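Peer 1: Next one to model:
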Amino acid sequence: MASAGGVGVGAANPPRAPKPLGEAVSGAPTRVYVGLGSNLDDPQAQVRRAIDELAQLPDTRCEAVSGLYRTPPMGPPGQPDYINAVAALTTRLHPHRLLDELQAIERAHDRVRAERWGPRTLDLDILLYGQQVLDDERLVVPHPGIAARAFVLLPLAEIAPDLLIPGLGAPAALLAQVNLEGISRL
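Peer 2: Numbers count the residues shown, from 1 in each chain. Sure thing, here's the model as predicted:
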């Protein structure tokens, strides 16, 4: 999700609780790709603000952000269109600590998990964590829907055209197999 600039973090956001150190930080920086999406409460502003907040994560640097894409909703009918993007981060945070940080950002955006694939103010997904393959009760990486979701593959291919997704291949090759109907770059 490109350098969409945008809205800064406002004072209305409650401060995040300090995290226990434990195994929160790894030794080597890892390239991570995070998917962003919103279809409620000014989705473009939600995504831009979240991009700014990703850049503020501890032990993390935002390297690139795709453009914003308007996409049809996946899931229950009657939802507004989504705004999606992908951000490339370099982080020393372990995958679960990163997940905790992303969920804290979602909560600061008043994310409510009421309905699967339902409307939301903000959705942040770890798409890839280096070349690691993870599968536990909290986190699956690569993201299980990555190969079938044009709203992830288009912005991912934009900022990482030479990326190889473990077990799946290049985003551009995967794009040839998905429906791009209704998706537009803003």
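Peer 1: What distance do you get for the closest residue to residue 82 other than its chain neighbours to residue 121?
Peer 2: Excluding the flanking residues, the one nearest residue 82 by C-beta to C-beta, 6 or more residues apart in numbering is residue 39, at 4.4 Å. Quick note: C-beta positions are derived from backbone N, CA and C, even for glycine. Distance of residue 39 to residue 121, computed by C-beta to C-beta, to the nearest Å: 8 Å.
Peer 1: same question, residue 151
Peer 2: For residue 151, the distance to residue 121 equals 17 Å [C-beta to C-beta].
Peer 1: quick one: which of these two has more around it?
Peer 2: For residue 151 versus residue 121, neighbours defined as other C-beta atoms under 10 Å are more numerous around residue 151 (25 against 18).
Peer 1: I'd guessed residue 138 sits against residue 100; true?
Peer 2: No: when contacts are counted by C-beta atoms under 8 Å, residue 138 is not listed as touching residue 100 (9.3 Å).
Peer 1: Who has more neighbours out of the two?
Peer 2: For the pair residue 138 and residue 100, the greater number of neighbours falls to residue 100 (17 against 10), based on other C-beta under 10 Å.
Peer 1: The more buried one looks like it's in a helix, true?
Peer 2: Yes: counting by DSSP: H, G, I helix; E, B strand; the rest coil, residue 100 is found in a helix.
Peer 1: and residue 30, what does it touch?
Peer 2: Residue 30 sits next to 90, 91, 92, 129, 130, 132 when contact means C-beta atoms under 8 Å, 6 or more residues apart in numbering.
Peer 1: give me that answer again for 6 Å
Peer 2: By C-beta atoms under 6 Å, 6 or more residues apart in numbering, the contact list for residue 30 reads 91, 130.
Peer 1: Can I get the one helix or strand it maps to in PDB? Just the C-alpha atoms.
Peer 2: Residue 30 belongs to strand 25-38 when assigned by DSSP states H and E. C-alpha atoms of strand 25-38 as PDB (Å, rounded to 0.1, in the frame of the first residue of the first chain):
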ATOM      1  CA  VAL A  25      11.400  -8.600  19.000                       C
ATOM      2  CA  SER A  26      13.400 -10.900  16.700                       C
ATOM      3  CA  GLY A  27      17.000 -10.500  15.900                       C
ATOM      4  CA  ALA A  28      16.900  -9.900  12.100                       C
ATOM      5  CA  PRO A  29      14.700  -7.500  10.200                       C
ATOM      6  CA  THR A  30      12.000  -9.200   8.200                       C
ATOM      7  CA  ARG A  31      10.000  -8.000   5.200                       C
ATOM      8  CA  VAL A  32       6.300  -8.200   5.900                       C
ATOM      9  CA  TYR A  33       3.300  -7.400   3.700                       C
ATOM     10  CA  VAL A  34       0.100  -6.200   5.400                       C
ATOM     11  CA  GLY A  35      -3.200  -5.900   3.600                       C
ATOM     12  CA  LEU A  36      -5.400  -3.000   4.600                       C
ATOM     13  CA  GLY A  37      -9.200  -2.700   3.900                       C
ATOM     14  CA  SER A  38     -12.100  -0.600   5.000                       C
END
